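[1] sequence unknown, structure follows:
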């Protein structure tokens with residue numbers, strides 16, 4: 001049984017062998033081979049949860065202003081029947097919102113789509129009836145249209161669950177008779193239902209009745225978490241409180257003498273100021289050069305926000321200002337210390353001002369909304385070809401295994417020597433995929449894979465620390481003195497990887513991964529199932545080039561141990577004992593749950609006591625001084641940690657006069673584990689020292705279960721993990 005089948009991209013040559021007589025296309029794009037390694041990458045659950053189904057900008061920014069239908073009451077003897085007038089009614093949310101680097105403020109949104117009947121008992125108000133109140137929460141609008149789109153799609157999921165309802169169970173404190181000019185204060189008790197989840201709620205109500213019209217203001221506080229709608233957290237950008245204040249303003253009138261509107265005109269909460277720059281001349285070039293490469297359909301960030309037309313851009317004009325002014329977009333976590341890096345996407349002050357002025361003026365268009373917004377030709381040339389696409393056979397995980405590491409063979413069916421010079425990961429069911437690693441295997445290992453592939457009745461096989469296949473390894477082809485890597489990637493024959501937020505890869509400086517006839521790839525997918533698993537058919541598109549003009553590249557994988565004790569207040573928790581925590585890792589991940597950390601402590605010459613001596617209850621640190629394995633040229637670097645990572649640094653020749661910081665990340669963001677190319681590739685000699693340094697901050701995730709953390713595979717474990725791409729001199 002094989003775990004993959006293949007399709008070819010129509011616009012590209014049909015397979016790797018067709019590249020034999022073609023000059024390789026080598027744009028100046030760097031992306032690290034071996035984005036991740038060791039079968040142990042976990043980009044962080046919080047980061048993973050932000051990778052939601054696509055926000056099609058116009059679809060989720062614009063909604064129909066229809067009034068929902070609510071069950072109608074029939075007046076009984078002695079009752080006055082009233083119906084909610086949506087033109088004079090509303091539901092408003094108010095929540096604490098904090099953007100990174102800014103103080104906490106209030107975010108508010110309002111919908112006028114409210115419906116329902118009220119039957120007032122004229123002789124005894126306590127016997128009055130409140131019918132089901134129905135609110136269209138998809139019509140919530142705030143002063144930021146991107147916020148509205150994200151809430152609709154990612155948190156309220158209001159395209160699927162557009163209606164919220166309230167069913168009354170009691171009117172506490174409402175007494176007396178109905179008379180004109182009556183004002184009352186009381187509690188309205190019942191159940192709120194959002195996203196098919198019901199929860200009890202008590203509203204504080206102030207109501208008055210005059211000239212046949214009932215007006216009321218009702219307030220309550222709810223928790224977003226109760227309805228799986230928050231608290232909202234977009235790592236590196238914004239977070240909210242869990243508590244949200246809801247204010248229901250009602251005006252109800254006699255439906256026999258008043259016409260009840262079936263549509264309402266929404267209020268634009270935004271304040272428009274200033275003269276707008278031209279979209280076509282000023283704004284569109286910025287979007288096409290800096291945003292479209294990630295947000296056009298089919299690109300890596302289209303899963304978050306899709307931008308294909310001018311209308312898509314206008315629909316999120318407020319959000320574009322927000323994410324660019326805060327520095328959240330375009331993403332660039334690397335600091336300014338160290339060597340110059342390629343393709344810094346940060347916008348200039350003038351570009352930021354242009355986008356802000358356009359947003360402030362209302363996001364106006366001077367072109368048709370259907371005008372295509374596409375990446376520039378220069379940017380498009382940085383993407384790899386798709387000479388061959390191979391997908392796994394459909395795989396469905398088990399609900400009982402939320403963190404599922406699964407390996408599959410991807411066979412490009414090579415019949416002659418060729419070089420893998422670029423690739424694009426093609427996700428199937430994106431919300432289920434936490435990260436991906438790709439390993440090179442030989443023909444004999446490919447044969448051995450048949451013994452485990454599908455052995456449990458499902459495609460592929462379970463794998464934590466790499467493919468673990470018998471047979472000759474790719475690394476056995478290298479001279480003996482160059483087989484050993486300073487980390488683990490070289491021993492796993494790691495060649496590629498992907499985490500949410502990664503761009504397609506073209507290897508740098510006319511380099512690639514040498515592949516011989518019969519070689520194949522194994523793709524290891526870390527699935528994280530938060531809902532019932534559905535079949536996945538992810539795959540890999542590959543760019544191949546012929547030998548001769550391509551140089552062999554290898555991935556060097558510096559690592560350091562991880563020793564993070566529990567906070568003092570949690571020290572008594574069972575898994576805060578180091579040995580018990582490691583035993584739990586072995587239970588979860590097999591022998592690698594203990595051996596990885598033990599091996600790294602030995603490799604780096606550290607002890608747990610040494611690394612924890614400076615722990616202050618929050619921040620832990622680690623490092624490892626290693627050696628460059630052979631003469632060659634470093635072209636790019638990458639750093640990786642998990643959710644409580646704080647800082648990362650990779651330094652060549654530390655403490656020496658010629659010290660060079662290759663990568664410094666002063667504020668770790670697990671959503672942006674990026675590849676960084678060196679603006680000037682750096683020649684190194686075997687034996688030169690390379691220092692990897694990491695720190696972690698437990699306060700970044702105060703709600704996690706207490707456990708002593710070491711280097712391991714799980715989402716709530718941690719890593720100090722780097723790679724650098726090295727083109728050996730000897731070739």
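    Received, thanks. From a predicted model like this one, the values you see are computed outputs, not experimental measurements.
[2] Looks like residue 511 contacts residue 725 (just checking).
    Yes - using CB atoms under 8 Å, residue 511 is in contact with residue 725, at 7.4 Å. Heads up, the C-betas are built off the backbone N, CA and C, glycines and all.
[3] Those two: who's more crowded?
    Using other CB atoms under 10 Å as the criterion, residue 511 and residue 725 rank with residue 725 on top: 28 against 25.
[4] Now the common contact residues for residue 511 and residue 725.
    553, 635 (CB atoms under 8 Å, 6 or more residues apart in numbering).
[5] I'd like to know which elements the helix or strand hosting residue 603 is packed against.
    For residue 603, the element it lies in under DSSP states H and E is helix 592-604. The contact analysis (3 or more CB pairs under 8 Å, 6 or more residues apart in numbering; DSSP states H and E) places helix 592-604 against strand 559-560, helix 578-589, strand 619-627.
[6] make it 7 Å
    In terms of contacts (3 or more CB pairs under 7 Å, 6 or more residues apart in numbering; DSSP states H and E), helix 592-604 is packed against strand 559-560, helix 578-589.
[7] now what about the longest strand anywhere in the chain, what contacts it?
    Ranked by residue count and defined by DSSP state E, the top strand of the chain is strand 238-253. Strand 238-253 has contacts (CB atoms under 7 Å, 6 or more residues apart in numbering) with 82-85, 88-99, 118, 203, 212-225, 230-233.
[8] Who does that strand pair with, and is each partner parallel or antiparallel?
    strand 79-84 (antiparallel), strand 90-99 (antiparallel), strand 213-223 (antiparallel), strand 233-234 (antiparallel) (DSSP bridges).
[9] what's the offset of the shortest one from the middle of its chain?
    Spelled out, that is strand 233-234. 9 Å (CA atoms, centre = their mean, to the nearest Å).
[10] Likewise for the first one?
    Its chain's C-alpha centre and that of strand 79-84 lie 48 Å apart, by CA atoms, centre = their mean.
[11] Can you tell me what sits against that strand?
    So strand 79-84 is contacted by 73, 75, 114-122, 178, 214, 250, 252-255, 260 (CB under 7 Å, 6+ apart).
[12] same thing but at 8 Å, please
    70, 72-75, 114-122, 128-129, 133, 178, 214, 250-256, 258, 260.
[13] same check, this time on the third one
    Applying CB under 8 Å, 6+ apart, the external contacts of strand 213-223 come out as 82, 118, 120, 188, 192, 199, 201-208, 242-253.
[14] Mind checking the pLDDT average for that strand?
    Across strand 213-223, pLDDT averages out at 96.
[15] could you pull out the helices for this structure?
    45-49, 57-61, 145-150, 284-290, 292-295, 310-315, 317-325, 349-360, 377-380, 443-452, 489-492, 578-589, 592-604, 608-612 (DSSP state H).
[16] before we move on, the earlier item: give me the buried subset of the contacts of strand 79-84.
    70, 73, 114-121, 128-129, 133, 178, 214, 250-253 (16 or more other CB atoms under 10 Å).
[17] Mark which of the residues you listed are part of strands, please.
    114-115, 117-121, 129, 133, 214, 250-253.
[18] quick one: which of those residues is nearest to residue 278?
    residue 114 (39.9 Å; CB to CB).
[19] How about that closest one: what's its closest non-neighbour residue?
    Excluding its sequence neighbours, the residue lying closest to residue 114 (CB to CB, 6 or more residues apart in numbering) is residue 89, at 4.5 Å.
[20] do residue 600 as well
    Residue 600's closest residue in space is residue 561 (CB to CB, 6+ apart), at 4.0 Å.
[21] Show me the protein divided up by domain.
    4-37+392-728, 66-253, 279-380 (automatic domain parsing).
[22] pLDDT weak spots in the stretch 1-150 of the chain?
    Low-confidence segments of the stretch 1-150 of the chain (pLDDT under 70): 1-63, 101.
[23] how about a cut-off of 90?
    1-66, 98-105, 143-150 (pLDDT under 90).
[24] contacting residues for residue 421?
    24, 26, 384, 506-507, 511-513, 543-545, 550.
[25] change it to 6 Å
    The neighbourhood of residue 421, defined by CB atoms under 6 Å, 6 or more residues apart in numbering, consists of 507, 512, 543, 545.
[26] give me every residue that touches the closest residue in space to it that isn't next to it in sequence.
    Leaving aside its sequence neighbours, residue 421 sits nearest to residue 512 (CB to CB, 6+ apart; 3.8 Å). Taking CB under 6 Å, 6+ apart as the criterion, residue 512 is in contact with 419-421, 550.
[27] what about residue 694, neighbour count?
    Residue 694: 29 neighbours (other CB under 10 Å).
[28] typo on my end, it should be residue 233
    14.
[29] Model confidence for it, exactly?
    78.
[30] what's the answer for residue 244, then?
    For residue 244, pLDDT reads 95.
[31] Return the distance of the nearest residue to it once chain neighbours are set aside relative to residue 700.
    Spatially, and ignoring its direct neighbours in sequence, residue 244 is nearest to residue 95 (4.5 Å; CB to CB, 6+ apart). Using CB to CB, to the nearest Å, residue 95 is found at 21 Å from residue 700.
[32] just checking, residue 710 touches residue 597?
    Yes - contact criterion CB atoms under 6 Å: residue 710 and residue 597 qualify, at 4.2 Å.
[33] Pull the contacting residues for residue 209.
    Contacts of residue 209 by CB under 6 Å, 6+ apart are residue 182.
[34] Apply 7 Å and report the result again.
    178, 180, 182 are the contacts of residue 209 under CB under 7 Å, 6+ apart.
[35] Do you know the pLDDT at the spatially closest residue to residue 458 that is not a sequence neighbour?
    Using CB to CB, 6+ apart and skipping residues adjacent in sequence, the residue nearest residue 458 is residue 395, 6.2 Å away. At residue 395, the pLDDT value in this model is 97.
[36] Run a quick neighbour tally on the closest residue to residue 547 other than its chain neighbours.
    In this structure, residue 547 finds its nearest non-sequential neighbour in residue 417, 5.4 Å apart by CB to CB, 6+ apart. By the criterion of other CB under 10 Å, residue 417 has 15 neighbours.
[37] Who are the contact partners of residue 417?
    Taking CB under 7 Å, 6+ apart, one finds 516-517, 547 in contact with residue 417.
[38] Rank those by pLDDT and give me only the lowest.
    residue 547 (92).
[39] Hmm, that one is touching residue 419, no?
    Yes - counting by CB atoms under 7 Å, residue 419 is a contact partner of residue 547 at 6.4 Å.
[40] that older thread, Throw the contacts of residue 209 into CSV and include pLDDT and distance to residue 372, thanks.
    Output for those, formatted as CSV (pLDDT from 0 to 100; distance: CB to CB, whole Å):
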residue, pLDDT, distance to residue 372
178, 92, 61
180, 93, 61
182, 88, 60
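[41] Now tabulate these in a markdown table and tack on distance to residue 536.
    What follows is the contacts of residue 209, written out as a markdown table (distance: CB to CB, whole Å):
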| residue | distance to residue 536 |
| --- | --- |
| 178 | 61 |
| 180 | 65 |
| 182 | 61 |
